[in-house]
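# below is the sequence, then the predicted model.
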Amino acid sequence: MTASLTRMRALTTHLATIDFAKHVEQIGHFDEDNFLHQAQQKLREHIKLDFFSDEVRERHNSVFMAAAIKQRSDFQRRLLIAVSAGLALIAPMLIMSLHQSKLTSLLTTSIFVVFVAILLAWVMEDAQNKDIVAATAAYAAVLVVFVGTGSGA
């Protein structure tokens, strides 16, 4: 049982004992409906005061902190994927432009296609096999078009 529930039970018992004695003293007899109504109002006031106890605040903050950490982690992962994708296109094109030979173009294309296929298989955890093959084929097509348009011809 949490500390706030224990405090709430103790508070309820304490309020009921004090209020019952005061109620009988003021009215002279016990009016159950009136007493329960007053006790409910006082209990609600105390619950409002105790609702944001340290324990509740800590739990509330930890939930928001976990969400913020997950959001930052997701952003960092997306950023890493975006930078990797950009480099995977720019790096082989730079290599093939600077070293213009058929062998360099074919080796660069082959090595980068294999590298990107492995990277996609590692990053795309929830993807089906056909999705990874399709993404790898699209990447290879881009590089082959670059090879065919004259850089290494």
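Received the coordinates, thanks.
# can we go C-alpha only for contacts and neighbour counts from here?
Will do.
# which helices and strands does the strand or helix carrying residue 75 pack with?
Residue 75 is part of helix 54-98, with elements assigned from DSSP states H and E. Using 3 or more Cα pairs under 8 Å, 6 or more residues apart in numbering; DSSP states H and E as the contact test, the elements touching helix 54-98 are helix 102-123, helix 129-146.
# at 10 Å what do you get?
Secondary-structure packing of helix 54-98 (3 or more Cα pairs under 10 Å, 6 or more residues apart in numbering; DSSP states H and E): helix 3-27, helix 102-123, helix 129-146.
# same question for it, mean pLDDT?
Across helix 54-98, the average pLDDT comes to 82.
# and the angle for that helix with helix 129-146?
Helix 54-98 and helix 129-146 meet at an angle of 40 degrees, taking axes from the mean of the first three to the mean of the last three Cα atoms, to 10 degrees as the criterion.
# tell me the domain ranges of the protein?
Structural domains annotated on the chain: 3-51, 73-148, as defined by automatic domain parsing.
# and the ones you listed, which one's lowest on average pLDDT?
domain 3-51 - the lowest mean pLDDT of those, at a mean of 62.
# residue 74: how many residues sit nearby?
12 (other Cα atoms under 10 Å).
# residue contacts, it?
With contact taken as Cα atoms under 10 Å, 6 or more residues apart in numbering, residue 74 is in contact with 68, 80.
# can I get stretch 135-153 in CSV, CA atoms only?
Taking Å, rounded to 0.1, in the frame of the first residue of the first chain, the C-alpha atoms of stretch 135-153 are listed here in CSV:
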residue,chain,number,x,y,z
ALA,A,135,14.8,-0.1,-50.5
THR,A,136,18.1,-1.7,-51.4
ALA,A,137,17.0,-2.1,-55.1
ALA,A,138,15.9,1.6,-55.2
TYR,A,139,19.3,2.7,-53.8
ALA,A,140,21.2,0.5,-56.2
ALA,A,141,19.1,2.0,-59.1
VAL,A,142,20.2,5.5,-58.1
LEU,A,143,23.8,4.6,-58.1
VAL,A,144,23.6,2.6,-61.4
VAL,A,145,22.0,5.6,-63.1
PHE,A,146,24.9,7.8,-61.8
VAL,A,147,27.4,5.3,-63.2
GLY,A,148,25.6,5.1,-66.5
THR,A,149,25.4,8.8,-67.1
GLY,A,150,29.0,9.3,-67.7
SER,A,151,31.0,9.6,-64.5
GLY,A,152,32.9,6.4,-65.1
ALA,A,153,32.2,5.8,-68.8
